[in-house]
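Peer 1: Kindly return the folded structure for what I paste below:
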Amino acid sequence: MQRGILVCDKMRRNQLSSSLPITLVQSSCQVTNKLLYITNSPNAVKRGFCVKYRRFGELDWKVSALGFGAMRLPTMGGDRANIDEPEATKMIRYAFDRGVNYVDTAYPYHGGNGEILVGKALRDGYREKVRLATKMPIGRVESESDLDRIFSEQLRKLETDHVDCYLFHGLDEERWIKAQSLNALDWAEGLREDGKILHLGFSFHDEFEVFKSVIDGYEKWDFCQIQYNYLDSESSERAPGIRGLKYAASKGLGVVVMEPIQGGNLAVNPPEEIQAIWDQAEIKRTPAEWALQWVWNQPEVSVVLSGMSTMQQVIGNVESANRSGPHTLTEKDLELIEAVREKYLEYGFIGCTGCRYCVPCAQGVSIPEILALYNRYYTKQEDASAQEAIKERYAEEISPEEGAKQCIRCGECEEKCPQQLPIRNLVARASRIFGR
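Peer 2: Sure thing, here's the model as predicted:
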(Lines give C-alpha, C1' and ligand atoms only; values in the text may rest on other atoms or scores of the structure.)
Protein backbone atom coordinates (compact mmCIF):
# COMPACT_ATOMS: atom_id res chain seq x y z
CA MET A 1 0.00 0.00 0.00
CA GLN A 2 1.53 3.33 -1.06
CA ARG A 3 2.10 5.94 1.65
CA GLY A 4 1.67 9.61 0.83
CA ILE A 5 -0.73 12.44 0.29
CA LEU A 6 -3.46 12.45 -2.29
CA VAL A 7 -3.52 15.58 -4.46
CA CYS A 8 -6.61 16.27 -6.55
CA ASP A 9 -7.55 19.07 -8.91
CA LYS A 10 -9.69 20.78 -6.30
CA MET A 11 -7.29 20.42 -3.39
CA ARG A 12 -3.70 21.62 -3.17
CA ARG A 13 -1.02 19.68 -1.31
CA ASN A 14 -0.50 22.42 1.27
CA GLN A 15 -4.11 22.17 2.39
CA LEU A 16 -3.32 18.87 4.09
CA SER A 17 -1.28 18.60 7.25
CA SER A 18 2.01 16.94 6.40
CA SER A 19 2.18 15.65 9.98
CA LEU A 20 -0.65 13.20 9.39
CA PRO A 21 0.23 9.86 7.75
CA ILE A 22 -2.18 8.94 4.98
CA THR A 23 -2.79 5.68 3.23
CA LEU A 24 -3.55 6.34 -0.41
CA VAL A 25 -6.58 4.50 -1.74
CA GLN A 26 -7.56 6.19 -4.96
CA SER A 27 -10.48 3.89 -5.71
CA SER A 28 -12.28 4.84 -2.50
CA CYS A 29 -11.54 8.56 -2.35
CA GLN A 30 -13.76 11.40 -3.44
CA VAL A 31 -13.26 15.15 -3.33
CA THR A 32 -15.82 17.93 -3.04
CA ASN A 33 -15.23 21.60 -2.39
CA LYS A 34 -15.93 20.99 1.29
CA LEU A 35 -14.63 17.54 2.11
CA LEU A 36 -11.74 15.26 1.37
CA TYR A 37 -12.59 11.58 1.78
CA ILE A 38 -9.46 9.59 2.64
CA THR A 39 -8.30 6.76 4.84
CA ASN A 40 -5.34 7.26 7.13
CA SER A 41 -4.41 3.90 8.60
CA PRO A 42 -3.95 0.33 7.41
CA ASN A 43 -6.57 -0.73 9.97
CA ALA A 44 -9.07 1.64 8.37
CA VAL A 45 -8.43 0.15 4.94
CA LYS A 46 -8.56 -3.39 6.27
CA ARG A 47 -11.93 -2.78 7.90
CA GLY A 48 -13.37 -0.94 4.92
CA PHE A 49 -13.58 2.51 6.52
CA CYS A 50 -13.21 5.66 4.46
CA VAL A 51 -12.71 8.48 6.97
CA LYS A 52 -13.95 11.90 5.91
CA TYR A 53 -12.20 15.16 6.61
CA ARG A 54 -13.49 18.72 6.60
CA ARG A 55 -12.11 22.22 6.45
CA PHE A 56 -11.05 23.78 9.76
CA GLY A 57 -11.70 27.44 9.12
CA GLU A 58 -8.83 29.02 7.23
CA LEU A 59 -6.13 26.71 8.63
CA ASP A 60 -4.12 24.59 6.24
CA TRP A 61 -5.07 21.19 7.59
CA LYS A 62 -8.07 18.90 7.54
CA VAL A 63 -9.95 17.69 10.58
CA SER A 64 -11.87 14.44 10.81
CA ALA A 65 -15.65 14.82 10.76
CA LEU A 66 -15.75 13.13 14.18
CA GLY A 67 -13.67 14.33 17.11
CA PHE A 68 -13.19 12.39 20.33
CA GLY A 69 -14.63 14.32 23.27
CA ALA A 70 -12.87 13.06 26.41
CA MET A 71 -15.47 14.34 28.88
CA ARG A 72 -17.52 11.19 29.47
CA LEU A 73 -14.92 8.44 29.56
CA PRO A 74 -15.76 5.11 31.22
CA THR A 75 -15.26 5.15 34.98
CA MET A 76 -15.25 2.66 37.85
CA GLY A 77 -17.08 2.53 41.14
CA GLY A 78 -19.37 5.42 40.34
CA ASP A 79 -16.49 7.86 40.79
CA ARG A 80 -16.09 10.28 37.86
CA ALA A 81 -12.43 10.82 38.76
CA ASN A 82 -11.69 7.07 38.67
CA ILE A 83 -11.31 6.50 34.93
CA ASP A 84 -11.16 2.96 33.57
CA GLU A 85 -7.79 3.60 31.93
CA PRO A 86 -7.40 0.39 29.88
CA GLU A 87 -10.88 0.68 28.38
CA ALA A 88 -10.70 4.45 27.82
CA THR A 89 -7.30 4.13 26.13
CA LYS A 90 -8.58 1.31 23.95
CA MET A 91 -11.57 3.42 22.89
CA ILE A 92 -9.52 6.51 22.07
CA ARG A 93 -6.93 4.58 20.08
CA TYR A 94 -9.64 2.66 18.23
CA ALA A 95 -10.92 6.01 16.97
CA PHE A 96 -7.42 7.25 16.09
CA ASP A 97 -6.64 4.04 14.20
CA ARG A 98 -9.70 4.69 12.06
CA GLY A 99 -8.75 8.22 11.10
CA VAL A 100 -10.12 10.40 13.90
CA ASN A 101 -7.46 13.10 14.28
CA TYR A 102 -8.92 15.49 16.89
CA VAL A 103 -9.24 14.87 20.63
CA ASP A 104 -10.73 17.36 23.06
CA THR A 105 -10.24 17.50 26.82
CA ALA A 106 -10.19 20.18 29.53
CA TYR A 107 -8.61 20.99 32.88
CA PRO A 108 -11.62 20.01 35.06
CA TYR A 109 -12.76 16.89 33.19
CA HIS A 110 -13.03 13.79 35.35
CA GLY A 111 -11.95 15.60 38.48
CA GLY A 112 -8.74 16.77 36.83
CA ASN A 113 -7.76 13.29 35.64
CA GLY A 114 -9.09 13.63 32.09
CA GLU A 115 -5.96 15.31 30.75
CA ILE A 116 -3.79 12.67 32.41
CA LEU A 117 -5.68 9.86 30.67
CA VAL A 118 -5.51 11.61 27.30
CA GLY A 119 -1.78 12.13 27.74
CA LYS A 120 -1.32 8.41 28.31
CA ALA A 121 -3.53 7.52 25.35
CA LEU A 122 -1.32 9.70 23.14
CA ARG A 123 1.81 7.68 23.91
CA ASP A 124 3.30 5.16 21.48
CA GLY A 125 3.36 7.57 18.55
CA TYR A 126 -0.26 8.71 18.67
CA ARG A 127 0.61 12.26 19.71
CA GLU A 128 2.12 12.95 16.29
CA LYS A 129 -0.97 11.66 14.47
CA VAL A 130 -3.67 13.86 16.01
CA ARG A 131 -4.51 17.41 17.01
CA LEU A 132 -4.81 17.89 20.75
CA ALA A 133 -7.27 20.40 22.22
CA THR A 134 -7.61 21.46 25.83
CA LYS A 135 -8.91 24.50 27.67
CA MET A 136 -8.04 27.21 30.19
CA PRO A 137 -10.72 27.29 32.94
CA ILE A 138 -11.24 31.05 33.03
CA GLY A 139 -13.83 30.62 35.78
CA ARG A 140 -11.09 29.29 38.11
CA VAL A 141 -8.47 31.89 37.26
CA GLU A 142 -8.01 34.73 39.75
CA SER A 143 -4.70 36.22 38.62
CA GLU A 144 -2.32 36.23 35.68
CA SER A 145 -0.01 33.88 37.59
CA ASP A 146 -2.82 31.31 37.63
CA LEU A 147 -2.70 31.23 33.82
CA ASP A 148 0.96 30.15 33.85
CA ARG A 149 0.47 27.68 36.68
CA ILE A 150 -2.51 25.93 35.11
CA PHE A 151 -1.00 25.80 31.63
CA SER A 152 2.25 24.30 32.95
CA GLU A 153 0.21 21.70 34.83
CA GLN A 154 -1.70 20.88 31.66
CA LEU A 155 1.48 20.32 29.64
CA ARG A 156 2.74 17.99 32.35
CA LYS A 157 -0.48 16.02 32.52
CA LEU A 158 -0.76 15.75 28.75
CA GLU A 159 2.92 14.74 28.40
CA THR A 160 3.49 17.27 25.63
CA ASP A 161 5.47 20.45 24.98
CA HIS A 162 2.66 22.20 23.11
CA VAL A 163 -1.10 22.23 22.60
CA ASP A 164 -2.37 22.27 19.03
CA CYS A 165 -5.77 23.85 19.74
CA TYR A 166 -6.12 25.84 22.95
CA LEU A 167 -9.41 27.30 24.13
CA PHE A 168 -10.67 29.66 26.80
CA HIS A 169 -13.22 27.43 28.50
CA GLY A 170 -16.94 28.19 28.70
CA LEU A 171 -16.97 31.87 27.80
CA ASP A 172 -20.14 33.81 28.46
CA GLU A 173 -20.57 37.54 28.92
CA GLU A 174 -19.13 37.55 32.44
CA ARG A 175 -16.16 35.30 31.66
CA TRP A 176 -15.33 37.21 28.48
CA ILE A 177 -15.01 40.38 30.55
CA LYS A 178 -12.91 38.48 33.07
CA ALA A 179 -10.60 37.07 30.39
CA GLN A 180 -9.93 40.57 29.11
CA SER A 181 -9.31 41.96 32.59
CA LEU A 182 -6.74 39.19 33.17
CA ASN A 183 -4.94 40.07 29.90
CA ALA A 184 -5.50 36.44 28.93
CA LEU A 185 -5.35 37.24 25.21
CA ASP A 186 -1.92 38.84 25.48
CA TRP A 187 -0.81 35.89 27.61
CA ALA A 188 -1.99 33.43 24.97
CA GLU A 189 -0.32 35.44 22.21
CA GLY A 190 2.98 35.03 24.03
CA LEU A 191 2.55 31.27 24.17
CA ARG A 192 1.61 31.20 20.51
CA GLU A 193 4.80 33.08 19.62
CA ASP A 194 6.77 30.55 21.67
CA GLY A 195 5.15 27.64 19.85
CA LYS A 196 3.45 26.28 22.97
CA ILE A 197 0.02 27.04 21.52
CA LEU A 198 -0.52 26.58 17.78
CA HIS A 199 -4.15 27.69 17.38
CA LEU A 200 -6.32 29.76 19.72
CA GLY A 201 -10.07 29.54 20.23
CA PHE A 202 -12.84 29.55 22.81
CA SER A 203 -15.75 27.40 23.89
CA PHE A 204 -18.98 29.22 24.51
CA HIS A 205 -22.24 29.13 26.49
CA ASP A 206 -24.40 32.19 25.95
CA GLU A 207 -26.63 33.87 23.38
CA PHE A 208 -25.77 35.07 19.89
CA GLU A 209 -25.14 38.75 20.63
CA VAL A 210 -22.54 37.89 23.27
CA PHE A 211 -21.00 35.34 20.91
CA LYS A 212 -20.71 37.97 18.19
CA SER A 213 -19.06 40.40 20.60
CA VAL A 214 -16.44 37.80 21.52
CA ILE A 215 -15.61 37.08 17.88
CA ASP A 216 -15.52 40.77 16.98
CA GLY A 217 -13.52 41.63 20.10
CA TYR A 218 -10.39 39.79 18.96
CA GLU A 219 -9.25 39.44 15.37
CA LYS A 220 -6.90 36.49 15.83
CA TRP A 221 -9.30 33.71 16.80
CA ASP A 222 -8.67 30.54 14.81
CA PHE A 223 -11.72 28.59 15.90
CA CYS A 224 -14.60 28.37 18.35
CA GLN A 225 -16.59 25.61 20.04
CA ILE A 226 -20.36 25.83 20.44
CA GLN A 227 -23.22 23.68 21.65
CA TYR A 228 -25.30 22.84 18.61
CA ASN A 229 -27.93 20.23 17.87
CA TYR A 230 -31.41 20.17 16.38
CA LEU A 231 -32.93 21.21 19.72
CA ASP A 232 -30.39 24.00 20.32
CA SER A 233 -30.61 25.50 16.85
CA GLU A 234 -31.88 28.90 17.98
CA SER A 235 -30.01 31.48 20.03
CA SER A 236 -30.58 31.01 23.76
CA GLU A 237 -28.83 31.55 27.07
CA ARG A 238 -26.83 28.38 26.45
CA ALA A 239 -25.99 28.53 22.73
CA PRO A 240 -25.71 31.02 19.86
CA GLY A 241 -27.68 28.78 17.49
CA ILE A 242 -27.47 28.63 13.73
CA ARG A 243 -26.84 32.39 13.55
CA GLY A 244 -23.70 31.86 15.61
CA LEU A 245 -22.58 28.93 13.46
CA LYS A 246 -22.93 30.91 10.25
CA TYR A 247 -21.39 34.07 11.68
CA ALA A 248 -18.29 32.26 12.94
CA ALA A 249 -17.85 30.49 9.61
CA SER A 250 -18.27 33.79 7.72
CA LYS A 251 -15.37 35.17 9.76
CA GLY A 252 -13.14 32.27 8.75
CA LEU A 253 -13.23 30.44 12.09
CA GLY A 254 -13.24 26.70 12.35
CA VAL A 255 -16.38 25.61 14.20
CA VAL A 256 -16.18 22.73 16.65
CA VAL A 257 -19.60 21.43 17.70
CA MET A 258 -20.12 19.99 21.18
CA GLU A 259 -23.24 18.28 22.55
CA PRO A 260 -24.54 17.20 19.11
CA ILE A 261 -26.74 14.64 20.92
CA GLN A 262 -27.45 17.06 23.79
CA GLY A 263 -25.57 15.06 26.36
CA GLY A 264 -27.22 11.83 25.22
CA ASN A 265 -30.78 13.16 25.50
CA LEU A 266 -31.31 12.72 21.76
CA ALA A 267 -30.00 9.14 21.83
CA VAL A 268 -32.48 7.63 24.26
CA ASN A 269 -35.31 5.42 23.08
CA PRO A 270 -37.91 8.01 22.06
CA PRO A 271 -41.62 8.09 22.94
CA GLU A 272 -43.88 6.21 20.56
CA GLU A 273 -45.05 9.42 18.88
CA ILE A 274 -41.50 10.39 18.00
CA GLN A 275 -40.49 6.89 16.94
CA ALA A 276 -43.47 6.93 14.59
CA ILE A 277 -41.98 10.01 12.92
CA TRP A 278 -38.57 8.37 12.53
CA ASP A 279 -40.24 5.27 11.08
CA GLN A 280 -41.39 7.36 8.10
CA ALA A 281 -37.81 7.78 6.89
CA GLU A 282 -36.58 5.87 3.87
CA ILE A 283 -33.16 5.31 5.46
CA LYS A 284 -33.43 3.90 8.97
CA ARG A 285 -31.15 5.47 11.56
CA THR A 286 -30.81 5.37 15.31
CA PRO A 287 -31.88 8.52 17.19
CA ALA A 288 -28.20 9.27 17.87
CA GLU A 289 -27.29 9.05 14.19
CA TRP A 290 -30.17 11.32 13.20
CA ALA A 291 -28.79 13.92 15.59
CA LEU A 292 -25.22 13.57 14.33
CA GLN A 293 -26.15 13.59 10.65
CA TRP A 294 -28.20 16.76 11.15
CA VAL A 295 -25.10 18.56 12.39
CA TRP A 296 -22.78 17.09 9.75
CA ASN A 297 -25.26 18.09 7.06
CA GLN A 298 -24.27 21.73 7.55
CA PRO A 299 -21.12 22.79 5.66
CA GLU A 300 -20.16 25.45 8.21
CA VAL A 301 -19.40 22.74 10.77
CA SER A 302 -15.75 21.66 10.96
CA VAL A 303 -15.76 18.80 13.46
CA VAL A 304 -18.38 17.24 15.72
CA LEU A 305 -17.29 16.14 19.19
CA SER A 306 -18.93 13.17 20.81
CA GLY A 307 -18.32 12.40 24.46
CA MET A 308 -18.24 8.61 24.22
CA SER A 309 -18.47 6.33 27.24
CA THR A 310 -18.47 2.86 25.67
CA MET A 311 -16.69 1.09 22.85
CA GLN A 312 -20.06 0.47 21.24
CA GLN A 313 -20.63 4.23 21.04
CA VAL A 314 -17.18 4.75 19.50
CA ILE A 315 -17.77 2.08 16.84
CA GLY A 316 -21.21 3.43 16.03
CA ASN A 317 -20.09 7.04 15.80
CA VAL A 318 -17.08 6.24 13.62
CA GLU A 319 -19.35 4.35 11.23
CA SER A 320 -21.85 7.21 11.30
CA ALA A 321 -19.11 9.73 10.54
CA ASN A 322 -18.13 7.73 7.50
CA ARG A 323 -21.66 8.16 6.15
CA SER A 324 -21.67 11.92 6.74
CA GLY A 325 -21.30 14.96 4.53
CA PRO A 326 -22.72 18.42 3.88
CA HIS A 327 -26.12 18.44 2.18
CA THR A 328 -26.46 14.66 2.35
CA LEU A 329 -29.85 14.68 4.09
CA THR A 330 -32.90 14.90 1.88
CA GLU A 331 -35.69 17.45 2.22
CA LYS A 332 -37.86 14.67 3.62
CA ASP A 333 -35.17 13.86 6.20
CA LEU A 334 -35.00 17.49 7.32
CA GLU A 335 -38.78 17.69 7.56
CA LEU A 336 -38.82 14.62 9.80
CA ILE A 337 -36.12 16.08 12.05
CA GLU A 338 -38.06 19.31 12.37
CA ALA A 339 -41.20 17.35 13.29
CA VAL A 340 -39.24 15.49 15.97
CA ARG A 341 -37.81 18.76 17.25
CA GLU A 342 -41.25 20.30 17.60
CA LYS A 343 -42.56 17.24 19.42
CA TYR A 344 -39.62 17.18 21.85
CA LEU A 345 -40.09 20.88 22.59
CA GLU A 346 -43.76 20.16 23.20
CA TYR A 347 -42.73 17.50 25.73
CA GLY A 348 -40.53 20.06 27.49
CA PHE A 349 -36.89 18.97 27.14
CA ILE A 350 -35.07 20.78 29.94
CA GLY A 351 -31.69 20.97 28.24
CA CYS A 352 -29.43 19.28 30.82
CA THR A 353 -26.46 17.73 29.02
CA GLY A 354 -25.07 15.86 32.03
CA CYS A 355 -21.82 17.83 32.02
CA ARG A 356 -21.65 17.50 35.84
CA TYR A 357 -20.28 20.98 36.44
CA CYS A 358 -23.00 21.35 39.12
CA VAL A 359 -21.56 18.64 41.36
CA PRO A 360 -20.47 17.92 43.97
CA CYS A 361 -23.45 19.47 45.73
CA ALA A 362 -22.77 20.58 49.31
CA GLN A 363 -25.97 18.81 50.38
CA GLY A 364 -25.12 15.64 48.46
CA VAL A 365 -27.93 15.99 45.92
CA SER A 366 -27.34 13.87 42.79
CA ILE A 367 -28.32 16.71 40.49
CA PRO A 368 -27.39 15.29 37.04
CA GLU A 369 -28.99 11.91 37.73
CA ILE A 370 -32.18 13.52 39.09
CA LEU A 371 -32.50 15.84 36.11
CA ALA A 372 -31.93 12.97 33.66
CA LEU A 373 -34.76 10.96 35.22
CA TYR A 374 -36.97 14.04 35.42
CA ASN A 375 -36.39 14.71 31.74
CA ARG A 376 -37.20 11.12 30.76
CA TYR A 377 -40.35 11.25 32.86
CA TYR A 378 -41.62 14.18 30.85
CA THR A 379 -40.87 12.57 27.50
CA LYS A 380 -43.27 9.78 28.48
CA GLN A 381 -46.34 11.94 29.03
CA GLU A 382 -48.49 9.62 26.95
CA ASP A 383 -47.28 6.45 28.65
CA ALA A 384 -48.34 6.12 32.28
CA SER A 385 -46.67 2.73 32.72
CA ALA A 386 -43.34 4.12 31.48
CA GLN A 387 -43.63 7.01 33.91
CA GLU A 388 -44.22 4.60 36.77
CA ALA A 389 -41.15 2.62 35.70
CA ILE A 390 -39.08 5.81 35.84
CA LYS A 391 -40.38 6.53 39.34
CA GLU A 392 -39.31 3.04 40.37
CA ARG A 393 -35.90 3.58 38.86
CA TYR A 394 -35.55 6.83 40.80
CA ALA A 395 -36.35 4.97 44.04
CA GLU A 396 -33.75 2.32 43.21
CA GLU A 397 -30.92 4.60 42.04
CA ILE A 398 -31.30 7.74 44.16
CA SER A 399 -30.89 7.25 47.88
CA PRO A 400 -32.78 9.49 50.32
CA GLU A 401 -29.51 11.21 51.18
CA GLU A 402 -28.99 12.09 47.51
CA GLY A 403 -32.60 12.89 46.73
CA ALA A 404 -34.19 16.07 45.47
CA LYS A 405 -35.69 16.91 48.87
CA GLN A 406 -32.17 17.47 50.24
CA CYS A 407 -31.89 20.64 48.15
CA ILE A 408 -31.81 23.83 50.29
CA ARG A 409 -32.00 26.13 47.21
CA CYS A 410 -28.59 27.73 47.85
CA GLY A 411 -28.12 28.32 44.10
CA GLU A 412 -24.46 27.31 43.95
CA CYS A 413 -25.22 24.77 41.23
CA GLU A 414 -26.87 27.41 39.03
CA GLU A 415 -23.74 29.57 39.19
CA LYS A 416 -21.73 26.65 37.78
CA CYS A 417 -24.23 25.54 35.12
CA PRO A 418 -23.05 26.43 31.57
CA GLN A 419 -26.61 25.88 30.33
CA GLN A 420 -27.90 28.47 32.83
CA LEU A 421 -30.71 26.13 33.84
CA PRO A 422 -33.07 26.96 36.74
CA ILE A 423 -31.77 23.92 38.62
CA ARG A 424 -33.41 24.77 41.94
CA ASN A 425 -36.85 24.88 40.37
CA LEU A 426 -36.25 21.73 38.34
CA VAL A 427 -35.07 19.78 41.39
CA ALA A 428 -38.09 21.03 43.35
CA ARG A 429 -40.42 19.74 40.62
CA ALA A 430 -38.57 16.43 40.61
CA SER A 431 -39.08 16.08 44.36
CA ARG A 432 -42.83 16.55 43.92
CA ILE A 433 -42.94 13.88 41.18
CA PHE A 434 -40.61 11.32 42.74
CA GLY A 435 -41.54 11.85 46.36
CA ARG A 436 -38.12 12.43 47.90
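Peer 1: Going by C-alpha atoms from here, please, whenever you check contacts or count neighbours.
Peer 2: Fine.
Peer 1: can you pull out the strands in the chain?
Peer 2: Ranges of strands within the chain are 35-37, 52-55, 62-64, 66-69, 75-76, 79-83, 102-104, 131-136, 163-171, 197-204, 223-227, 254-258, 303-307, based on DSSP state E.
Peer 1: Might you list the low-confidence residue ranges for this protein?
Peer 2: For the chain, the stretches with pLDDT under 70 are 1-51, 348-351, 378-382, 419.
Peer 1: Point to the residue nearest the middle of it.
Peer 2: With distances taken as CA atoms, centre = their mean, M258 lies nearest the centre of the chain, 2.8 Å away.
Peer 1: Touching, that one and C224? I think so.
Peer 2: No. Using CA atoms under 8 Å, M258 is not in contact with C224; the gap is 10.4 Å.
Peer 1: would you list every one of the helices in the stretch 51-200 of the chain?
Peer 2: Counting by DSSP state H, counting those that start in this stretch, the stretch 51-200 of the chain has these helices, from start to end: 85-97, 114-121, 144-158, 173-181, 184-193.
Peer 1: Ok, which of those helices comes nearest H199?
Peer 2: The closest of the helices of the stretch 51-200 of the chain to H199 is helix 184-193. By CA to CA, the value is 7.4 Å.
Peer 1: Show me what counts as buried in that closest one.
Peer 2: Within helix 184-193, the residues that count as buried by 16 or more other CA atoms under 10 Å are A184, L185, A188, E189, L191, R192.
Peer 1: now do stretch 327-344
Peer 2: Of the residues in stretch 327-344, L329, D333, L336, I337, V340, R341, K343, Y344 count as buried by neighbour count, 16+ other CA under 10 Å.
Peer 1: mind checking the longest helix of this structure?
Peer 2: Longest helix in the chain, counting residues (DSSP state H): helix 331-347.
Peer 1: Just give me how far that one sits from the chain centre.
Peer 2: Relative to its parent chain, helix 331-347 has a centroid offset of 22 Å by CA atoms, centre = their mean, to the nearest Å.
Peer 1: cool, and stretch 428-436?
Peer 2: Using CA atoms, centre = their mean, the offset of stretch 428-436 from its chain centre is 30 Å.
Peer 1: Check which residues of it are buried.
Peer 2: A428, R429, A430, S431, F434, R436.
Peer 1: one step back: just curious, which of the buried residues of stretch 327-344 is nearest to V103?
Peer 2: Of the buried residues of stretch 327-344, the one sitting nearest to V103 (CA to CA) turns out to be L329, at 26.4 Å.
Peer 1: circling back: next, format the buried residues of helix 184-193 as a markdown table and append distance to R409.
Peer 2: Listed next are the buried residues of helix 184-193 as a markdown table, based on distance: CA to CA, whole Å:
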| residue | distance to R409 |
| --- | --- |
| A184 | 34 |
| L185 | 36 |
| A188 | 38 |
| E189 | 41 |
| L191 | 42 |
| R192 | 43 |
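Peer 1: ok, back up a step: looking at the helices of the stretch 51-200 of the chain, which is buried most?
Peer 2: Comparing these by mean neighbour count (mean count of other CA atoms under 10 Å), helix 114-121 ranks first with a mean of 22.
Peer 1: Against which helices or strands is it packed?
Peer 2: strand 79-83, helix 85-97, helix 144-158 (3 or more CA pairs under 8 Å, 6 or more residues apart in numbering; DSSP states H and E).
Peer 1: so which of those gets nearest G119?
Peer 2: Ranking the helices and strands packed on helix 114-121 by proximity to G119 (CA to CA) places helix 144-158 first, at 3.9 Å.
Peer 1: Does anything pack onto the closest one? Which helices or strands?
Peer 2: The contact analysis (3+ CA pairs under 8 Å, 6+ apart) places helix 144-158 against helix 114-121, strand 131-136, helix 184-193.
Peer 1: So for I370, which of the ones you listed sits nearest?
Peer 2: Nearest to I370, of all these, is helix 114-121, at 24.1 Å by CA to CA.
Peer 1: what's the neighbour count on the residue nearest to C413 when sequence neighbours are not counted?
Peer 2: Nearest residue to C413, sequence neighbours excluded (CA to CA, 6 or more residues apart in numbering): C358, at 4.6 Å. For C358, the neighbour count with other CA atoms under 10 Å is 20.
Peer 1: any idea how far C358 is from G364?
Peer 2: Noted for C358: a distance of 11 Å to G364, by CA to CA, to the nearest Å.
Peer 1: S203 now?
Peer 2: Distance of S203 to G364, computed by CA to CA: 29 Å.
Peer 1: what about these two, which has more around it?
Peer 2: Per other CA under 10 Å, whichever of S203 and G364 has more neighbours is S203, with 23 against 15.
Peer 1: hey, what's the more buried one bridged with?
Peer 2: Applying DSSP bridges to S203 gives these bridge partners: Q225.
Peer 1: That one against I226, yeah?
Peer 2: Yes. Judged on CA under 8 Å, S203 makes contact with I226 at a distance of 6.0 Å.
Peer 1: quick one, phi psi at P260?
Peer 2: The phi/psi pair for P260 (degrees, to the nearest 10) reads phi -70, psi -20.
Peer 1: Kindly report the same for T160.
Peer 2: Torsion angles, degrees, to the nearest 10, at T160: phi -140, psi 160.
Peer 1: Contacts only, for the nearest residue to it once chain neighbours are set aside.
Peer 2: In space, and not counting its chain neighbours, T160 is closest to G119: 7.7 Å by CA to CA, 6+ apart. With contact taken as CA atoms under 8 Å, 6 or more residues apart in numbering, G119 is in contact with K157, L158, E159, T160.
Peer 1: wait, doesn't K157 sit right on E115?
Peer 2: Yes. The criterion here is CA under 8 Å, and K157 meets it with E115 at 5.8 Å.
Peer 1: Show me the domain layout of the chain.
Peer 2: Following automatic domain parsing, one finds the domains of the chain at 57-347, 367-434.
Peer 1: Tabulate these (CSV), appending distance to T353.
Peer 2: CSV is the format used below for these (distance: least, CA to CA, whole Å):
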stretch, distance to T353
domain 57-347, 4
domain 367-434, 8
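Peer 1: most packed of the ones you listed?
Peer 2: The highest average neighbour count among these, using mean count of other CA under 10 Å, belongs to domain 57-347 at a mean of 19.
Peer 1: What's the end-to-end length of it?
Peer 2: Terminal residues of domain 57-347 lie 37 Å apart, using CA to CA.
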